[in-house]
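Trainee: generate coordinates for the sequence data below:
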Amino acid sequence: MAGPKTDYHLADWMSHLPESCVQTPLNLLAIPGSHDSFSYSVTPAGDVGPDEPQWIQDLIRMFGTAGKDIMYRWSVTQNLNVSQQLEQGIRYLDCRVCWSSKTQDFHFLHGLLGAKVSACLDDVSSFLEKHPKEVLILDFNHFYCMSNTDHVNLLTMLTDKFGSKMCPYIDMESVTLDMMWEHNLQVLIFYQNDVVKEHLTFWPGTTIRAPWANTPNIPDLMSFLDNQYKTGRIDNVFYVWQGVLTPGVATVIANFSSSLKDTLAKKLAPFFVSWLKDKKTGSHGISICGMDFIELGNYVSTLIELNYSAC
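Mentor: Residues are numbered from 1 along each chain as shown. Modelled structure (predicted):
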């Protein structure tokens with residue numbers, strides 16, 4: 001069994017894994033991910049997103065610029081852009097998309113509209129070109145204001161960007177880094193909408209789980225994660241452990257002038273990272289994880305090193 005290794009570069013950590021890890025199914029490795037990966041691109045000047053309920057949209061219109069500023073501080077979950085996240089070792093991206101009739105384009109969003117999807121995916125593609133042995137998981141799991149035609153157009157865009165690098169939907173046990181490298185594959189794209197049934201290059205929503213604690217409370221979240229870990233997960237899917245606190249209206253009101261980062265994420269990070277340190281990978285163990293502000297708490301390297309303990 002290999003001990004922890006700290007001399008790898010985060011931008012190329014997969015290529016440094018022990019041989020036994022390279023031959024392990026990808027869904028059994030510990031993989032650092034980011035929650036709401038593209039929220040760094042939202043701005044206070046952006047339109048309120050269709051992911052927000054009508055009463056929030058009405059409230060923001062009433063309060064104008066001040067309302068947008070509050071929403072911005074509680075919508076941003078990442079400071080690093082996608083290129084920086086990937087360079088820092090993130091290999092799972094949480095993708096939430098809408099179609100904007102105003103711009104006639106696809107945008108990432110979280111509370112507010114963010115950057116155009118196409119530009120962000122170009123950054124992802126550039127990273128893959130520079131790091132040919134790194135493998136990414138793109139999870140498109142929330143869609144807003146999208147017709148069936150819009151879905152088909154987005155799938156076409158993704159195929160145009162990543163086509164020859166995409167690992168098709170195949171038997172879970174066959175998807176190892178070794179196999180991906182042999183066939184020059186670098187991307188698995190999960191697309192959680194029924195339209196994907198006709199597009200077998202993409203992985204359906206049935207092949208990934210991401211249980212959500214939906215709490216702003218650290219003890220409640222840690223208890224939720226403990227119960228998940230004790231119960232064990234199914235091995236024939238990808239699984240996301242969400243080290244994420246969710247602010248409710250009461251949380252925002254009680255911390256009106258603060259932000260999601262200062263009120264919740266900074267306080268949670270040491271607890272979540274400490275919780276991860278003694279966990280195992282492999283069958284029923286830790287796999288993909290998601291966290292806000294991935295630079296906090298030595299999160300990425302702690303998770304990567306779990307692979308060395310197991311392999």
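
Trainee: mind jotting down where the helices sit in the stretch 101-250 of the chain?
Mentor: 117-130, 148-162, 177-182, 218-231, 249-254 (DSSP state H, counting those that start in this stretch).

Trainee: hang on, K277 packs against S301?
Mentor: No: checked against CB atoms under 8 Å, the pair K277 and S301 is beyond contact range at 11.0 Å. Yep, even glycine has a C-beta here, placed from its N, CA and C like the rest.

Trainee: confidence score at K261?
Mentor: K261 carries a pLDDT value of 98.

Trainee: so what's the residue count around T206?
Mentor: 10 (other CB atoms under 10 Å).

Trainee: now do M157
Mentor: 14.

Trainee: and the one 3 residues further on, by the same measure?
Mentor: D160 is flanked by 10 other residues according to other CB under 10 Å.

Trainee: picking that back up, okay, the helices of the stretch 101-250 of the chain in JSON lines with distance to K68 and mean pLDDT next?
Mentor: Shown next, in JSON lines, are the helices of the stretch 101-250 of the chain (distance: least, CB to CB, whole Å; pLDDT from 0 to 100):
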{"stretch": "helix 117-130", "distance to K68": "22", "mean pLDDT": "98"}
{"stretch": "helix 148-162", "distance to K68": "26", "mean pLDDT": "98"}
{"stretch": "helix 177-182", "distance to K68": "42", "mean pLDDT": "98"}
{"stretch": "helix 218-231", "distance to K68": "28", "mean pLDDT": "96"}
{"stretch": "helix 249-254", "distance to K68": "14", "mean pLDDT": "88"}
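
Trainee: out of the ones you listed, which is closest to V22?
Mentor: helix 177-182 (4.6 Å; CB to CB).

Trainee: picking up where we left off before, neighbour count winner among K277 and S301?
Mentor: S301 (17 against 12).

Trainee: my guess is D220 contacts A213. True?
Mentor: Yes: contact criterion CB under 8 Å: D220 and A213 qualify, at 6.6 Å.

Trainee: between these two, which one's more packed in?
Mentor: Ranked by neighbour count (other CB under 10 Å), D220 and A213 place A213 first, with 19 against 13.

Trainee: what's the pLDDT at the more buried one?
Mentor: Looking at A213, the pLDDT reads 97.

Trainee: the residue lying closest to it once chain neighbours are set aside: how many residues sit nearby?
Mentor: Nearest residue to A213, sequence neighbours excluded (CB to CB, 6 or more residues apart in numbering): F224, at 4.0 Å. Number of residues near F224 (other CB under 10 Å) recorded here: 17.

Trainee: for F224, give me its contacts.
Mentor: P211, A213, T215 (CB atoms under 8 Å, 6 or more residues apart in numbering).

Trainee: quick check: the last one vs L225, distance?
Mentor: When CB to CB, to the nearest Å is applied, the distance between T215 and L225 equals 11 Å.

Trainee: compare those two (neighbour count), which wins?
Mentor: Legend: neighbour count by other CB under 10 Å for T215 and L225, higher for L225 (22 against 17).

Trainee: got the contact list for the more buried one?
Mentor: Neighbours of L225 in contact, by CB under 8 Å, 6+ apart: A213, W241, G243, F272, W275.

Trainee: just the pLDDT for I70.
Mentor: pLDDT, read off for I70, is 89.

Trainee: what about the closest residue to V195 other than its chain neighbours, how many residues nearby?
Mentor: The spatial neighbour of V195 that comes closest, neighbours along the chain excluded (CB to CB, 6+ apart), is H151 at 4.3 Å. For H151, the count of nearby residues is 20 (other CB under 10 Å).

Trainee: just to check, H151 is in contact with K197?
Mentor: No: H151 lies out of contact with K197 (CB under 8 Å); the separation is 11.3 Å.

Trainee: in the stretch 201-311 of the chain, where is pLDDT below threshold?
Mentor: Along the stretch 201-311 of the chain, segments meeting pLDDT under 70 span 311.

Trainee: doesn't G290 fall inside a helix?
Mentor: No: under DSSP: H, G, I helix; E, B strand; the rest coil, G290 sits outside any helix and is assigned strand.
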